[in-house]
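Participant: what follows is a predicted structure for the sequence shown.
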Amino acid sequence: MNLFLTIDLEEYFHSTFLQPYVKKKVPRAHIQVEYLLKILNKYNSKSTFFVVSEWAEKNQNLLKEIYSEGHEIAAHTHSHPVLTNLTNKEVYEEIYKSKVILSDIINDKIYGFRCPNFAMPNN
């Protein structure tokens with residue numbers, strides 16, 4: 001299977017760029033995910049979903065649905081921090097925690113990872 005579309009699955013309030021403007025955190029990503037799944041199914045297309053595990057903990061059934069429809073689940077950290085602002089240990093913990101949570105929910109291994117905020121630590 002070839003995957004050509006990738007989706008970052010996070011809430012708008014996870015975005016570092018938007019955080020100064022967020023007054024109230026109202027989860028909305030689940031609505032867009034349901035819409036995206038309908039479109040992907042309509043065109044028989046598969047995607048890689050890079051998922052913030054903080055979102056996944058609250059939307060376990062939806063994550064299982066994404067996975068059961070044949071989409072790849074990959075890690076996008078637990079809380080979507082700017083990794084360049086963290087220590088090596090904190091970066092490891094963010095990634096590890098994310099992979100464990102996602103893996104536990106879908107009952108399969110997680111291989112992929114995408115760093116948040118377009119920033120990967122040099123070390």
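Facilitator: Looks like it came in fine. Numbers count the residues shown, from 1 in each chain.

Participant: use CA for all of it now, contacts and neighbours both
Facilitator: Will do.

Participant: so what's the spatially most central residue of the chain bridging to?
Facilitator: The residue lying closest to the centre of the chain (C-alpha atoms, centre = their mean) is Val51, at 1.2 Å. Assessed by DSSP bridges, Val51 has beta-bridge partners Leu9, Ala75.

Participant: got the contact list for Leu5?
Facilitator: If you count contacts by C-alpha atoms under 8 Å, 6 or more residues apart in numbering, Leu5 has them with 46-48.

Participant: got the confidence number for it?
Facilitator: Model confidence at Leu5, given as pLDDT, is 88.

Participant: what about it, distance to Thr48?
Facilitator: 7 Å (C-alpha to C-alpha, to the nearest Å).

Participant: can I get the contacts of Leu5 in TSV with pLDDT, neighbour count and secondary structure?
Facilitator: Output for these, formatted as TSV (pLDDT from 0 to 100; neighbours: other C-alpha atoms under 10 Å; DSSP: H, G, I helix; E, B strand; the rest coil):
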residue	pLDDT	neighbour count	secondary structure
Lys46	93	20	coil
Ser47	95	18	strand
Thr48	96	20	strand
